[in-house]
Structures are given as C-alpha cells and as structure tokens.
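>>> Need coordinates for the following:
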Amino acid sequence: MPALPTALYTAAQVRALDRHAIEVLGVPGYELMNRAAQAALVALRARFPTARRLRIWCGAGNNAGDGYVLARLAQAAGLAVEVVAVTAPERLAGDAATAWRDWCAASPERLSHAAPAASDGVVNVDLEVDALLGTGLDRPVEGAMAAAVRQINDSPAPVVALDIPSGLSADSGAALGVAVQADLTVSFVALKQGLLTGAGPAHAGALVFDDLGVDAAGAGVAPSMRRLVAGDLLSWLPGRSRDAHKGRHGRVLVIGGGPGMPGAVRLAAEAALRVGAGLVSVASLPAHVPAVVAARPEIICHGIEADAAGFALLDELLANADVVALGPGLGRSEWARALWQRAMRHAGPMVIDADGLNLLAEQPLAAAGPRVLTPHPGEAARLLGTTPAAIQADRPAALQALVARHGGIVVLKGAGSLIARNGECPWLCDRGNPGMASAGTGDVLTGAIAGLIAQLGCAWTGARAGVLVHALAGDAAAAGGERGLLAGDLLMRLRACVNP
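Residues are numbered from 1 along each chain as shown. Next comes the predicted model:
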C-alpha cells in the first residue's frame with residue numbers, strides 16, 4: 001500500500017475526484033468499487049493475517065457497494081464471509097446494486113440477513129468490517145444504523161472500516177452521534193481530513209491509503225489541508241555555517257510566571273534554547289529568578305516588579321528581543337495584566353499562549369507585529385465566545401474563525417493540531433500522542449515555536465516547524481510508555497528533532 005499522502009481533502013472534494021475519474025478518465029464507477037474492495041482485502045489480510053471469518057456490515061450507497069464487493073472477493077480468496085444487510089439490498093441503486101447482485105451470484109447461500117443478536121462476549125468472527133456509511137454523512141447516526149454501529153463496537157473482534165469509520169465526519173473529524181471504533185481504516189481515492197483531527201484518530205485506528213489510480217493533483221483539485229511530515233524539517237532547518245554565532249540565531253524573551261508558576265517560564269525558555277535559539281531571557285516575578293537560574297543557568301532571568309523601574313527594564317528587554325513568548329504561567333493578576341499590556345506593543349513576532357490568550361479574549365487587541373496564537377479548545381472557546389464542545393464539533397471551522405477574528409497565525413492544539421493563517425492552505429500535524437496531555441507540554445510548544453521563529457525569521461515556517469518538532473519529541477519521549485510522560489521529558493528530545 002502507498003504511504004499516507006501529505007494532501008488532505010474534504011468529502012465534497014473526494015466526490016469531485018470520483019466524478020473526474022469516471023467522467024474524464026473513463027474509469028467505470030464499478031471498477032473503482034472493485035479496486036477499493038481489493039485494496040481493503042490486501043490491507044486487512046496484511047494487518048490480520050490469521051483472520052479467516054469476516055462479518056461485513058453493509059448499509060446504503062457506495063460504501064455498502066464496497067462491502068458487497070469485498071464479501072465476494074474475500075469469499076473467492078477462501079475466507080468465510082457473513083454479510084449483514086442493515087439497509088434492504090433491494091433499495092440499493094447504481095453500482096451498489098450491481099455489487100449486491102454479483103455477491104448473490106457468487107454466494108448461493110446468500111448469507112445476508114438482519115443484524116445478529118447482541119454480542120455475548122463470544123468471538124464468532126475474526127473481523128468485523130464496517131461498510132455502513134460513507135463520507136457524505138452530515139447528520140447524527142440514528143435508528144438501525146446507530147444500533148449496528150453499537151453492535152460493531154461491542155464485538156470482541158477487531159474492526160476494519162472501509163474508507164471512513166461510519167458516523168465520523170469526513171470534514172470535521174467529529175463523531176456524529178455514534179461512530180465506529182475501528183482498529184484499521186482503509187481510505188480510498190484521497191485522504192479525508194476528518195480522519196486525522198478531533199475524534200478522527202481515536203476512531204480510525206491504523207490508517208492505510210490507496211488512491212485507486214486517481215491522481216488528485218492531475219485532476220486539478222487543490223487540497224483542503226496539508227499534513228506535516230518529518231521530511232519538511234530538512235528544508236526548513238538547514239545546517240549552520242561554520243562561522244555561526246549566537247546573535248545569528250535569535251533572541252527570545254519569555255514573559256510569564258505569575259505567583260507559584262516559575263516552572264512554566266522555565267519550560268518555555270529551555271525549549272527555545274533546545275530548538276536552537278541563540279539567547280533566551282525570562283521576565284518573571286523577582287521571587288522566581290533563583291529557581292529558574294538554578295534549574296537552567298543558560299537562561300537569563302530578570303525579576304520584574306509592576307513599578308516604573310520594572311516597566312523600564314521590561315521595555316528594554318522587549319526592545320532587544322527578536323521574538324516574544326507571552327503567557328506561560330502568567331496568571332491574570334494586576335501584575336500579569338500590566339506586563340501583558342506592555343508586551344502587546346511589541347512590534348516583532350510574538351507567540352501567545354495560556355493566560356496571554358485568556359487576557360486577549362477579555363481585551364482583543366490588534367497585533368503590532370506578527371503573532372502566533374496557540375490555544376487549546378478551552379482557550380479557543382474563550383477567544384470565540386463559545387464552548388469547547390463547539391470547537392471540537394468542527395475544528396477546521398473553528399480554526400478559520402480564530403484566524404478571521406484575531407488575525408495572525410493560529411495553532412489549534414489537540415489531537416490532529418491545526419495551523420493556519422489568512423490566505424494559506426492550513427496544515428495538520430498527526431504526530432504526537434495522548435501522553436502529551438499533561439501539565440507543561442503547552443509551555444514547551446510555546447518555547448519551541450518562539451525559538452524556531454527567532455532562527456528562521458519567519459513566523460509561518462517557525463509555527464509549523466515548532467508544532468512538528470514538539471510532536472516528534474513527544475513521540476520519542478513516549479517510546480517507553482505514554483502514561484506518566486512529563487513535559488520535561490520532551491526537552492531533551494527536542495535537540496535531535498531540530499537536527500534532521
């Protein structure tokens with residue numbers, strides 16, 4: 001099977017590619033269906049080589065057609081096949097109806113029937129195959145389809161989804177009511193963006209892709225998103241010249257660390273150093289200076305009081321900084337608000353996170369220079385005046401809304417982090433792992449982005465590179481297990497990731 005492509009598409013775009021293959025390239029729709037089923041058979045046998053008994057759940061439309069063709073091909077390959085027709089086959093039309101008739105002709109027993117009784121925990125099949133619903137789903141799954149999804153999920157057997165897990169939105173990555181929890185998803189023609197963000201990764205399981213001979217680029221359909229891959233870093237992070245010095249690699253100022261939060265600025269500052277920034281300073285409460293310097297003496301730490309002398313020092317630090325990272329552990333005290341107000345005047349690039357974002361939600365200010373916002377769903381909800389659930393219900397739409405309202409570059413964190421700015425194709429990061437859902441990993445990301453912007457001189461490239469490097473470091477740190485992963489564990493992995 002081909003490697004996963006970097007180009008991602010919406011459901012509407014995939015339908016356009018199907019039409020192009022049929023109407024322009026002259027590939028019959030039923031031929032595409034046969035190619036899809038053959039690709040699925042190859043993938044499931046590679047992933048589950050000992051599986052001999054398949055139960056294929058067929059619904060409506062071409063997804064059901066894929067299932068009926070798979071049933072015929074699997075049976076011809078010597079596998080035992082049981083088909084569950086959740087939608088009456090007589091209601092099928094076009095290629096899906098042809099697929100049903102060919103299955104019947106190949107299977108005199110016609111092992112198609114109503115849904116089996118609910119699982120009692122006994123494994124009577126080796127694989128459940130989901131061919132219920134395709135990519136066109138735009139409303140919650142209900143009725144018999146919802147019952148079938150629940151039975152598939154309750155089965156002790158592994159689950160293979162054809163094209164997309166039924167109930168998952170191909171565009172938003174949200175589960176619409178209920179959705180199949182697949183162990184393997186075989187995606188066809190073009191990779192759907194919803195498989196890789198929101199609930200998509202949790203429902204899709206392992207992903208395999210086959211374009212079925214349809215060239216999306218040749219069809220002239222521009223992708224809706226692009227997927228970050230490790231190879232991108234080769235072009236973004238070239239080797240350094242032999243006469244390099246710290247002044248060439250940027251000066252980062254991290255502002256934050258309210259009462260009880262020295263660790264946040266320390267993590268962000270060290271991350272900026274670990275990705276290669278030449279010089280990193282911290283502006284925090286005076287009481288935090290000893291802790292930060294003792295933990296990492298390479299960080300230059302300044303205590304800032306909310307008075308004339310403190311503000312004069314902060315203004316000097318801002319004037320000397322190439323990039324500002326604002327928000328790690330900042331808090332929302334009067335001291336925090338005073339520092340935030342002055343920092344927002346910075347004319348250079350700025351990475352804003354945590355309480356820097358919460359204060360921005362309270363008092364939206366136009367950027368004096370390029371800025372990168374890095375909200376998680378809760379912070380994104382505050383920035384848009386909505387709820388985290390609404391953000392997660394359509395992450396791509398929330399991403400665009402954040403860019404439209406607040407400008408600059410937005411990194412919407414979470415499973416399948418998204419990066420966008422006005423006028424550019426958004427990017428998606430499908431690396432990273434659940435172990436990174438722990439305190440402080442967002443501070444590491446803030447510092448990594450700031451440090452890379454300082455070196456590269458481009459906020460757009462630095463934001464994308466920072467997200468990818470952070471995710472790769474998280475995966476490397478989780479090699480020994482995800483549970484118990486600490487933000488500090490990522491710091492030592494960053495160096496290898498920025499030296500591809």
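>>> following the lowest-mean-pLDDT helix or strand in the chain, which helix or strand comes up?
Ranked by mean pLDDT, DSSP states H and E, the helix or strand of the chain with the weakest confidence is strand 112-113, at a mean of 56. Downstream of strand 112-113, the next assigned helix or strand under DSSP states H and E is strand 127-131.
>>> Please name the strands paired to that next one in the sheet, noting orientation.
strand 53-58 (parallel), strand 159-162 (parallel) (DSSP bridges).
>>> contacting residues around it?
40, 44, 48, 51, 53-59, 63-64, 66-68, 70, 149, 152, 155, 157-162, 165-166, 180, 182 (C-beta atoms under 8 Å, 6 or more residues apart in numbering). For every residue, glycine as well, the C-beta is placed using N, CA and C.
>>> Quick check on those: which are buried?
Among the contacts of strand 127-131, those buried by neighbour count (16 or more other C-beta atoms under 10 Å) are 40, 44, 48, 51, 54-59, 63-64, 66-68, 70, 149, 152, 155, 157-162, 165-166, 180, 182.
>>> quick one: low-confidence ranges for the protein?
Scanning the chain for pLDDT under 70 picks out the ranges 1-2, 108-123.
>>> switch the cut-off to 80
For the chain, the stretches flagged by pLDDT under 80 are 1-3, 107-123, 242-248.
>>> Pick out the residue closest to the middle of it.
G416 (0.8 Å; C-alpha atoms, centre = their mean).
>>> tell me, how many neighbours does the nearest residue to it once chain neighbours are set aside end up with?
Closest residue in space to G416, ignoring its immediate chain neighbours: T197 at 2.9 Å, by C-beta to C-beta, 6 or more residues apart in numbering. T197 has 27 neighbours, counted by other C-beta atoms under 10 Å.
>>> Likewise for G231?
10.
>>> who does whichever strand or helix holds V289 touch, helix- and strand-wise?
V289 belongs to helix 289-295 when elements are defined using DSSP H and E. Applying 3 or more C-beta pairs under 8 Å, 6 or more residues apart in numbering; DSSP states H and E, we find helix 289-295 packed against helix 262-274, strand 300-303.
>>> what's the closest of the strands paired with strand 127-131 to I409?
strand 159-162 (33.5 Å; C-beta to C-beta).
>>> Quick one: residues in contact with that closest one.
Counting by C-beta under 8 Å, 6+ apart, 36, 40, 43-44, 47-48, 63, 66-67, 70, 127-131, 152-153, 180-186, 188, 204-205 sit against strand 159-162.
>>> Let me see the contact set for the closest residue to G250 other than its chain neighbours.
Excluding its sequence neighbours, the residue lying closest to G250 (C-beta to C-beta, 6+ apart) is A454, at 2.4 Å. Shown here is A454, whose contacts under the criterion C-beta under 8 Å, 6+ apart are H249, G250, R251, V252, A272, A277, G278, D322, V323, G462.
>>> Most neighbours among these, which one is it?
That'd be A272 among these, by other C-beta under 10 Å, with 37 neighbours.
>>> what does the domain assignment say about the protein?
7-225, 232-497 (automatic domain parsing).
>>> The residue nearest to G416 and C429 touch, don't they?
No - using C-beta atoms under 8 Å, T197 is not in contact with C429; the gap is 9.2 Å.
>>> Tell me the residues that contact both of these two, please.
With C-beta under 8 Å, 6+ apart, T197 and C429 have common neighbours G416, S417, L418.
>>> nearest to N499, of the residues you listed?
S417 (22.3 Å).
>>> Distance-wise, check the closest one relative to L494.
Note on S417: its distance to L494, by C-beta to C-beta, to the nearest Å, is 16 Å.
>>> cool, A306 as well?
From A306 to L494 the distance is 33 Å (C-beta to C-beta).
>>> ok so, going back, do I have it right that the residue nearest to the centre of the chain meets R395?
Yes - at 7.3 Å, G416 and R395 qualify as touching, with contact defined as C-beta under 8 Å.
>>> who touches both of the two?
Contacts common to G416 and R395, judged by C-beta under 8 Å, 6+ apart, are G173, T197, G198.
>>> I'd like the residues you listed as TSV, with secondary structure and distance to R19 appended.
Output for the shared contacts of G416 and R395, formatted as TSV (DSSP: H, G, I helix; E, B strand; the rest coil; distance: C-beta to C-beta, whole Å):
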residue	secondary structure	distance to R19
G173	coil	24
T197	coil	26
G198	coil	27
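>>> got CSV for those, with distance to A367 too?
Putting those into CSV (distance: C-beta to C-beta, whole Å) gives the following:
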residue, distance to A367
G173, 29
T197, 26
G198, 28
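>>> returning to that earlier point: who's more crowded, S417 and L494?
L494 (28 against 25).
>>> picking that back up, contacts only, for the residue nearest to the centre of the chain.
By C-beta under 8 Å, 6+ apart, the contact set of G416 is G173, L196, T197, G198, G200, P201, R395, L428, C429, D430.
>>> most surrounded residue in those residues?
Neighbour counts for those, by other C-beta under 10 Å, peak at G173, which reaches 30 neighbours.
>>> any idea how far S438 is from the closest residue to it other than its chain neighbours?
In space, G173 comes closest to G198 once its chain neighbours are excluded; the distance is 3.1 Å by C-beta to C-beta, 6+ apart. From G198 across to S438, the span is 20 Å (C-beta to C-beta).
>>> Also D322?
30 Å.
>>> Same check on V24?
Distance, V24 to S438, by C-beta to C-beta: 50 Å.
>>> Hmm, G205 is touching V186, no?
No - using C-beta under 8 Å, G205 is not in contact with V186; the gap is 10.5 Å.
>>> higher neighbour count, those two?
The neighbour count for G205 versus V186, taken as other C-beta under 10 Å, is higher for V186 (28 against 19).
>>> now for the helix or strand hosting the more buried one, which elements pack on it?
When elements are assigned from DSSP H and E, V186 belongs to strand 184-188. On a contact count with 3+ C-beta pairs under 8 Å, 6+ apart, strand 184-188 meets helix 29-47, strand 159-162, strand 206-210.
>>> which of these sits most buried?
When the helices and strands packed on strand 184-188 are scored by mean count of other C-beta atoms under 10 Å, the highest mean neighbour count falls to strand 159-162 (a mean of 29).
>>> Would you mind writing the CA trace of stretch 269-281 as PDB?
What follows is stretch 269-281, C-alpha atoms only, in PDB (Å, rounded to 0.1, in the frame of the first residue of the first chain):
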ATOM      1  CA  ALA A 269      12.700  29.200  27.900                       C
ATOM      2  CA  GLU A 270      14.600  25.900  27.900                       C
ATOM      3  CA  ALA A 271      12.500  24.700  24.900                       C
ATOM      4  CA  ALA A 272      13.500  27.800  23.000                       C
ATOM      5  CA  LEU A 273      17.200  27.000  23.800                       C
ATOM      6  CA  ARG A 274      16.800  23.400  22.900                       C
ATOM      7  CA  VAL A 275      15.500  24.100  19.500                       C
ATOM      8  CA  GLY A 276      18.500  26.400  18.800                       C
ATOM      9  CA  ALA A 277      17.700  30.000  19.800                       C
ATOM     10  CA  GLY A 278      20.900  31.900  20.400                       C
ATOM     11  CA  LEU A 279      19.900  33.700  23.500                       C
ATOM     12  CA  VAL A 280      16.800  33.300  25.800                       C
ATOM     13  CA  SER A 281      15.700  35.700  28.600                       C
END
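>>> hmm, back to that, export the helices and strands packed on strand 184-188 to JSON lines and append columns for distance to A473.
Listed next are the helices and strands packed on strand 184-188 as JSON lines, based on distance: least, C-beta to C-beta, whole Å:
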{"stretch": "helix 29-47", "distance to A473": "28"}
{"stretch": "strand 159-162", "distance to A473": "30"}
{"stretch": "strand 206-210", "distance to A473": "22"}
